[in-house]
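Visitor: what's the 3D shape of this:
(3 chains)
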Amino acid sequence: MTALLDIDQLLDTLESGLRQILQARGVDDPVLIGIRTGGVWLADVLGKRLGIAQPFGELDISFYRDDFSRIGLNPRVMPSSLPFDTEGRDIILIDDVIMSGRTIRAAMNEIFDYGRPASIILATLIDMGARELPIQPDVVGRALLTLEAHQRVKLRGPEPLRIEVQESGQ
Amino acid sequence: MTASANWNEGGLKLTGGQLFEPGKGLISNPGLLVRNGRIEAVGEQAQAAESAATLDAAGQVIAPGFIDLCCNLREPGNGQKGNIASETRAAAHGGFATVCASPETSPVNDSGAVTNLILDSVASRGVVRVLPIGAITRGLDGDMLSDMAGLKAAGCVAVGNGSRGVRNARILRRCMAYAQTFGLTVMFSPENTALAADGYAHDGQVTTRLGLLGIPEVAETAAVMEMLLLAEETGVRLHLSQLSCARSVEMLAQARDRGVKVTADVAMHQLAFTESALAGFDSRFHVRPPLRGEADRQALVAGVRDGVIDAIVSQHQPHDSAAKQAPLPATEPGLSSIESVLSLGLELVQNHELELPDLLRALTAGPAAVLGREVALTAGAAADLCLFDPDGHWQPSAATLLSAGRHAPVLERALPGEVKLTLVAGRTAWQAPGTPL
Amino acid sequence: MTANDPSPNHLQLTRDGQLRHFLTLDGLGQPLLTDILDTADSFIEVGERSIKKVPLLRGRTVVNLFFESSTRTRSTFELAAKRLSADVLNLDISTSATSKGESLSDTLLNLEAMASDMFVVRHSQSGAPHFIAESVTPGVAIINAGDGRHAHPTQAMLDMLTIRQHKGRFEGLKVAIVGDVLHSRVARSQIRALNVLGAEEVRVIAPGTLLPRDVEDLGCTVEYDMARGMKDLDVVIMLRLQKERMEGALLPSEREFYRLYGLNQEKLGLAKPDCIVMHPGPINRGVEIESAVADGPQSVILNQVTNGIAIRMAVMSMAMGGQMAERQQRQQEQQEGRA
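Guide: Residues are numbered from 1 along each chain as shown, chains lettered A, B, ... in the order given. I've put the predicted structure just below:
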């Protein structure tokens, strides 16, 4: 079961939403940070669409996850890479899917260990609801997507970017 | 001991099974009658005799009670590692009717007074025969001669150096010459102290990988050669204790061929294990001499098979748990082994490395001859017997071991060979639960 | 536990193959060693941030148990633990005070009772960390910080990280380890790591008195002559020589050792031009290595120090993760058992 959602349409929504909020807040020199792996692909695409020259950052939140004591360390952890100084910057934080909000909490903790940003705008491609923390995205491509209990949504990429809905267990 | 344990007037008859008669091997047993501490009759005569009790030994082996040339009873001592009561019970459980007590006690058995102390304690609390070995030097320090005439008079059957090396060849030579004066056999653990240095494991693959301090074979073979030459020169009767190297067996055979009065033993664990037992830092297998390579193990087994090595010993060294609960280099050497000797030997028989008669000879007639004694299952002989079921199994554990030392070589699996009954001078020293008597 | 199992994996790995203790490299395969190196790479990046700390071990207690003093190693473990946000307790326990096993066990049980989650153990006796992991406090993650002559796995792994940074790979590399291999726990762990990671050749270069018996069985070739041994090398690792080696008739003099086995410009010139020079430290200049080489362009000795912190963070977080995941599993099983 694939191509349930049209990726280009979602990206368009995300882009225009971001343009609006940047304008409303008067942010003219934002930097992009994508959460690995889906968020990184999106940061790449949106950076180009928004015409942001500054190379985007990549965040691997493995060292900040709150489930370390239950499942141990992610064996495929990769170094985070922020090729700019975050101190005083306006950051657009991007992830593919938001659900519980725990990933975003970990990501924001990690960002603050690099310095104190001026602001963070959160953009996610898909919002699945089911929040466990008081964290809400500023911009979404598709809000409150509801799936069957056995289904999972997954961003595939980087070329071409597409959204898959998988039956769990696959 | 229960009152019924002494087969005096009524007598005990063992019927069926096989007899191990040194010199003849295994023969079927029509009957063997024990009365008043002796074997009263064997064969048809025994079969026909009346007795108060009869034990059907079908499927079992009746052998002369085993003789251990090297056992540590830890008495005198502080009692933490065992004592004469606990360790002679363990010996009986292992099928041994006689054990030679190592001089390495605290204090060292280097005078008639200590020997008397040991024998007094054995008389009141021991369940097997105990033959003390005297220390060949005072305090086993390797410097001054011990009072050998006094030791002999008090009952020591030989003099030796325990598990300690002798640093000085001149003193070694004088020890031999002095012992020879009294016709005492000298029992030496051959180890060149300088070459063994601080080592505690075989200098080989495992020590190289684990970074343990090695004892090279030459620490033993150099000492064996030196001792053989000195024994040849002094004419003393030399017994080499606990060989561990293939080359030692070779030199022993050559020396015998040229007429040197020399005998030797090997510890059962040297026949059953190799250096690889230490691979997981298992401190139980910290033994001295160390467990060596597979080629050495095979040569030692061949030495027993061919009769070049006269006896298999337990080299029983019970310890309190703290002595083994430490990083391997800090632990004390030795296994709590006397209860497992027969079983490990039967595994060698199962693996076709030894024949059962070879094993039993090395536990009975072999060590007896080293002590200048004979054993036989004939009328008139002392009723020192071991009755075991070669097909029965038992699992060594804190619940089954009688020794104060719980560091038996095998703990996690069942072993073949269950000793059903050990008689010492006709008294029951060990009787397996459920033996119908 | 089986007495004859040569690999200690029953001890140091969880049922699903995660680290729970880090005692030795024996038994660990290429994927796990590569995971350690990759994870360490991520921690190197953490060390470049303004706040060089991650919250992985927040609320956990790490005890540095140094039965043999080593300020350098202890400091890097301490820093590593602190960068993982753990609480750190440093105990320097002289071996003389706890030379008996009983008091070692007692000391450790007391520390365990203080809710310690990890012991970093340095001990002069080979196998001490095994003993602790197996018999004393199996529920506490044990990291071997060097035991006797046996192993120094974190040192070997930081050396591997350094080699990978400079060479990008292990395949095809020719590596020599020079000097006192006999007494070296570092060399044993390095030889193992290089073999597992796929180095083409590991050579040990030393006089016969400083080589363990059958050293080839560890997976290396032996060369007595340094000039021959330097040929075609990609990496040369110099080992530290203790002064007391002259006393036991292992070597005649430092001078002769330096002349035969010391690394100078001339000998280094015999290796490949891009051969890197490593030393686990502390360096005896003029005994193992000439100053011009130690401080020269081919020396990567200071990289080794930086990498030490990252490797220790990697190993500590992986072992703690495995240990905690297992604890969780045990609790779950207990609950299910009750239900």
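Visitor: switch to C-alpha atoms for all contacts and neighbour counts from now on
Guide: Noted.
Visitor: shaky segments in chain A?
Guide: A:1-4, A:168-170 (pLDDT under 70).
Visitor: For chain B, what's the nearest residue on it?
Guide: When scored by Cα to the nearest Cα, chain A has residue A:72 as its residue closest to chain B, at 26.8 Å.
Visitor: That residue touches residue C:320, doesn't it?
Guide: Yes. Here residue A:72 reaches residue C:320: they are 7.4 Å apart, a contact under Cα atoms under 8 Å.
Visitor: what about these two, which has more around it?
Guide: residue C:320 (30 against 24; other Cα atoms under 10 Å in any protein chain shown).
Visitor: Now the residue of chain A closest to chain B: closest residue in space, sequence neighbours ignored.
Guide: residue C:321 (3.6 Å; Cα to Cα, 6 or more residues apart in numbering or on different chains).
Visitor: What helix or strand is that neighbour located in?
Guide: Assessed by DSSP states H and E, residue C:321 sits inside helix C:301-338.
Visitor: Is my assumption valid that residue B:349 occupies a position in a helix?
Guide: Yes. Judged by DSSP: H, G, I helix; E, B strand; the rest coil, residue B:349 forms part of a helix.
Visitor: Quickly note the distance from it to residue B:296.
Guide: 18 Å (Cα to Cα, to the nearest Å).
Visitor: Likewise for residue C:123?
Guide: 32 Å.
Visitor: And the residue of the stretch 51-200 of chain C closest to chain A?
Guide: Counting by Cα to the nearest Cα, the stretch 51-200 of chain C gets nearest to chain A through residue C:51 (4.9 Å).
Visitor: residue contacts, the nearest residue to that residue once chain neighbours are set aside?
Guide: Nearest non-adjacent residue to residue C:51, counting by Cα to Cα, 6+ apart: residue A:113, 4.9 Å away. For residue A:113, the contact set (Cα atoms under 8 Å, 6 or more residues apart in numbering or on different chains) comprises C:49, C:50, C:51, C:52, C:53.
Visitor: so the third one touches residue A:110, yeah?
Guide: No. Here residue C:51 does not reach residue A:110: they are 9.5 Å apart, not a contact under Cα under 8 Å.
Visitor: and those two? which has more neighbours close in?
Guide: residue A:110 (24 against 14).
Visitor: Which element, helix or strand, includes that one?
Guide: helix A:102-112.
Visitor: List the buried residues in that helix.
Guide: A:102, A:103, A:104, A:105, A:106, A:107, A:108, A:109, A:110, A:111 (16 or more other Cα atoms under 10 Å in any protein chain shown).
Visitor: how far does that helix sit from the chain's center?
Guide: Relative to its parent chain, helix A:102-112 has a centroid offset of 11 Å by Cα atoms, centre = their mean, to the nearest Å.
Visitor: The next helix or strand after that helix versus helix A:102-112: what angle between them?
Guide: Using DSSP H and E, the helix or strand that follows helix A:102-112 in sequence is strand A:119-127. Here the directions of strand A:119-127 and helix A:102-112 differ by 160 degrees (axes from the mean of the first three to the mean of the last three Cα atoms, to 10 degrees).
Visitor: Show me what strand A:119-127 is in contact with.
Guide: A:10-11, A:14, A:18, A:88-99, A:136-145.
Visitor: again, but for stretch B:131-148
Guide: With Cα under 8 Å, 6+ apart, stretch B:131-148 has contacts from B:98-104, B:107-112, B:115, B:118-119, B:151-152, B:155-162, B:164, B:166-168, B:171, B:175, B:179, B:182, B:186.
Visitor: Flag every buried residue along it.
Guide: Buried residues in stretch B:131-148 (16+ other Cα under 10 Å): B:131-143, B:145-148.
Visitor: Let me see the contact set for the closest residue to chain A within the stretch 201-339 of chain C.
Guide: Ranked by Cα to the nearest Cα, the top residue of the stretch 201-339 of chain C for proximity to chain A is residue C:321, at 3.6 Å. Residue C:321 makes contacts with A:68, A:69, A:70, A:71, A:72, A:73, C:19, C:20, as judged by Cα under 8 Å, 6+ apart.
Visitor: ok, back up a step: mind checking which of the contacts of residue A:113 are buried?
Guide: C:52, C:53.
Visitor: Which of the contacts of residue A:113 sits closest to residue C:261?
Guide: In terms of Cα to Cα, no member of those lies closer to residue C:261 than residue C:52, at 40.0 Å.
Visitor: now that closest one, what's its secondary structure?
Guide: Assignment for residue C:52 (three-state DSSP): coil.
Visitor: My understanding was that it contacts residue C:81; is that so?
Guide: No. Using Cα under 8 Å, residue C:52 is not in contact with residue C:81; the gap is 11.6 Å.
Visitor: So which bits of chain C are right by chain A?
Guide: When proximity is defined as Cα under 8 Å from any Cα of the partner chain, chain C approaches chain A at C:35, C:38-39, C:41-46, C:49-56, C:317-318, C:320-322, C:324-325, C:328.
Visitor: Pull up the residues of chain B that are close to chain C.
Guide: Going by Cα under 8 Å from any Cα, the residues of chain B near chain C are B:203-205, B:208-212, B:276-282, B:322-331.
Visitor: quick one, phi psi at residue B:302?
Guide: Main-chain dihedrals, residue B:302, degrees, to the nearest 10: phi -60, psi -40.
Visitor: what does residue A:29 give?
Guide: Dihedral angles (degrees, to the nearest 10) for residue A:29: phi -140, psi 70.
Visitor: can you tell me which residues contact it?
Guide: A:52, A:90.
Visitor: Please report how far it lies from residue A:54.
Guide: Taking Cα to Cα, one finds residue A:29 at 9 Å from residue A:54.
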